[in-house]
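In: Next one to model:
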Amino acid sequence: MSQTIDVAYVAELARLALTAEEAKQFQGQLEQIVHYVEKIGQLDVTGIEPTLHGQGQVNVLREDVPVPSTIREAALSNAPSRNGYEVKLPKIVEDA
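Out: Have a look, this model is predicted:
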């Protein structure tokens, strides 16, 4: 079922400008790739369960558990200027 691949068409789809030498090189490479895919298609996969991953997926993230955090006053004590519980910063965006 091997077919000749139109490298110029594939290059056009990929928005590639190929020289004649590059097109000749890619012609053989693309035909090899298609040949390998055809070989894979001939394998008997009866009884093999389809998978998305080679190994089982495991959630490696820990549970989201609330824990004590920095005390608000201690954090705000480092601010150069503040307004209640807000940190005051200099204006950095100019008016248009």
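In: can you list the residues that contact the longest helix anywhere in the chain?
Out: The longest helix of the chain (DSSP state H) is helix 20-41. Residues outside helix 20-41 that contact it (C-beta atoms under 8 Å, 6 or more residues apart in numbering): 1, 2, 3, 4, 5, 7, 8, 10, 11, 18. Every residue, glycine included, has its C-beta placed from N, CA and C.
In: following it, which helix or strand shows up next?
Out: Heading C-terminal from helix 20-41, the first helix or strand you meet, by DSSP states H and E, is helix 72-76.
In: hmm, back to that, adding pLDDT and distance to residue 76, write the contacts of helix 20-41 out as TSV.
Out: Below are the contacts of helix 20-41 laid out as TSV (pLDDT from 0 to 100; distance: C-beta to C-beta, whole Å):
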residue	pLDDT	distance to residue 76
1	52	72
2	57	72
3	72	70
4	82	72
5	86	66
7	92	65
8	91	66
10	92	61
11	93	61
18	92	62
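In: In CSV: these, plus neighbour count.
Out: Formatted as CSV, the contacts of helix 20-41 follow (neighbours: other C-beta atoms under 10 Å):
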residue, neighbour count
1, 6
2, 8
3, 8
4, 9
5, 16
7, 20
8, 13
10, 15
11, 15
18, 16
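In: Just the ones of the residues you listed in strands?
Out: When DSSP state E is applied, those are split such that none fall in strands.
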